[in-house]
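Q: Fold the following and give me the result.
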Amino acid sequence: MSIPLRLSSFLAQRGASYDVCTHKYSHCSAESARTAGIPPHQLAKSVLIEDERGYVMAVIPADKSVMLGKLARLLGRKNLCLANENRICELFVDCDRGAVPPFGMVWGLETIVDDDLDLNDIVYAEAGDHEHLLRMSRQQFHELMNVTRHGRFCKLQAH
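A: I've put the predicted structure just below:
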């Protein structure tokens, strides 16, 4: 699979400047960072969260995890939990399982970006499959995400 048409159209409509980087097949964002030879904090990982009101895409560095309570307070929502993997596949039929790009708004989802991603000069993003990443400047990523909410709601993952 390559970059989903709706994502490439979104990037083209906004005149986005980015490179497509190829890496060995990977199963998760941490492995994508490792096989691509990039620091995991530079890779924007999408985490789909849900409650009775619907879905939210939380975008965080690949070496972090979402603090659900903090995110719920930021969004004014309750009972947030990780979305069901099968339902994620139904929402993102044009992406490989587990390789969802961090641009939830392209799929009509409310999206919130953690401020930690603004600490990187370069930001990488899943491109919709397990062998490609999008590479862009912090400024370009920020411009693409300027329609989304931002805040602090992640922490380093426990290993």
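
Q: and residue 87, that's in a strand?
A: No: counting by DSSP: H, G, I helix; E, B strand; the rest coil, residue 87 is not part of a strand but helix.

Q: What's the separation between it and residue 19?
A: Distance of residue 87 to residue 19, computed by CB to CB, to the nearest Å: 32 Å. All C-beta atoms are positioned from the backbone trio N, CA, C, and that covers glycine.

Q: and the closest residue to residue 43 other than its chain neighbours, how far is that from residue 122?
A: Among residues not flanking residue 43 along the chain, residue 62 sits closest, at 3.9 Å (CB to CB, 6 or more residues apart in numbering). According to CB to CB, residue 62 stands 13 Å off from residue 122.

Q: Which of these two has more residues huddled nearby?
A: Here residue 62 and residue 122 are compared on neighbour count by other CB atoms under 10 Å; more neighbours surround residue 62, at 22 against 14.

Q: list the contacts for the more buried one?
A: 29-30, 32-33, 40-41, 43-45 (CB atoms under 8 Å, 6 or more residues apart in numbering).

Q: What's the per-residue pLDDT of it here?
A: pLDDT for residue 62: 94.

Q: Next: residue 159.
A: Looking at residue 159, its pLDDT is 62.

Q: Also residue 31?
A: On pLDDT, residue 31 comes in at 83.

Q: So which helix or strand of the protein has the lowest pLDDT on average?
A: Lowest on mean pLDDT, DSSP states H and E among the helices and strands of the chain sits helix 29-36, with a mean of 87.

Q: I'd like to know which elements the next helix or strand after that helix is packed against.
A: For helix 29-36, the following helix or strand on the C-terminal side (DSSP states H and E) is strand 43-51. Here strand 43-51 touches helix 29-36, strand 54-61, strand 64-66, strand 81-82, helix 85-91, strand 122-126, going by 3 or more CB pairs under 8 Å, 6 or more residues apart in numbering; DSSP states H and E.

Q: Which one, of those, ends up nearest to residue 2?
A: Checking the helices and strands packed on strand 43-51 against residue 2 by CB to CB gives strand 122-126 as the closest, at 12.6 Å.

Q: residues of the following helix or strand past that closest one that come out buried?
A: Sequence-wise, the next helix or strand downstream of strand 122-126 (DSSP H and E) is strand 132-137. Buried residues in strand 132-137, defined by neighbour count with 16 or more other CB atoms under 10 Å: 132-136.

Q: Tell me which other helices or strands the next helix or strand after strand 132-137 touches.
A: Following strand 132-137 in sequence order, the next helix or strand is helix 138-144 (DSSP H and E). Here helix 138-144 touches strand 122-126, going by 3+ CB pairs under 8 Å, 6+ apart.
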